[in-house]
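Peer 1: structure for the following, please:
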Amino acid sequence: MSRSIDSTPEPPRTKAARHPRYSSFSWKQLSVIAGLSYWRFYFRFFPGSIKSPQIVQFLQALHRTIGRKLLIIGDRLQAHRSRLVRHFVEQQRAQIALEYLPAYAPDLNPVECIWGYLKSHAIPNFCARDLMHWVVTRVRVCAPCSVEPPS
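Peer 2: All right, here's what the predicted structure looks like:
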């Protein structure tokens, strides 16, 4: 009896291949932008990647929420330094100021520390049914990150 050798590779044996629930979800569908004050952690989810319009939306919401002058210290992501963002900040008449961290310095960015904590302690190994399930569940997890100032 002769055996034929099939040159077609076997499909990978992953959860996505065995369970359609896993294959319909992609981490590329959701991004989050965040800000930090002395007392609060502000964040907003966006579908897709963060680009200049989403940064402007976040800055508008942040300014409305806080209601005071803002000093935004960001990394050097191109979208943070875009013409649209600079134009928006200029229109705010000194209500928002932008400063940037040195290149390749995530250890100086406190928001990166929060993401690291959340990824390793609060949200690891979570498999959502769909995007909205992930957002709703993760917002509940992040709620304790918002701390009221002492009275």
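Peer 1: which stretches of this protein aren't confidently modelled?
Peer 2: 1-29, 122-123, 131, 138-151 (pLDDT under 70).
Peer 1: run through the strands of it in chain order.
Peer 2: Under the criterion DSSP state E, strands of the chain are mapped to 30-36, 41-47, 70-74, 96-100.
Peer 1: dump the ones you listed to TSV, plus distance to S120 and mean neighbour count.
Peer 2: For glycine as for every other residue, the C-beta is placed from the backbone atoms N, C-alpha and C. Converted to TSV, the strands of the chain look like this (distance: least, C-beta to C-beta, whole Å; neighbours: other C-beta atoms under 10 Å):
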stretch	distance to S120	mean neighbour count
strand 30-36	16	18
strand 41-47	16	16
strand 70-74	23	15
strand 96-100	27	14
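Peer 1: to F126, which of these lies closest?
Peer 2: Of all those, the one in closest proximity to F126, counting by C-beta to C-beta, is strand 30-36 (12.9 Å).
Peer 1: partner strands of that closest one, with direction?
Peer 2: strand 41-47 (antiparallel) (DSSP bridges).
Peer 1: return the partner strand as CSV; C-alpha atoms alone will do.
Peer 2: Coordinates of the C-alpha atoms in strand 41-47 are reproduced here as CSV (Å, rounded to 0.1, in the frame of the first residue of the first chain):
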residue,chain,number,x,y,z
PHE,A,41,-7.5,58.6,34.6
TYR,A,42,-9.4,59.7,31.5
PHE,A,43,-9.8,57.4,28.5
ARG,A,44,-11.9,57.0,25.4
PHE,A,45,-12.3,54.0,23.1
PHE,A,46,-12.2,54.4,19.3
PRO,A,47,-12.8,51.9,16.5
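Peer 1: no further queries at this time; thank you.
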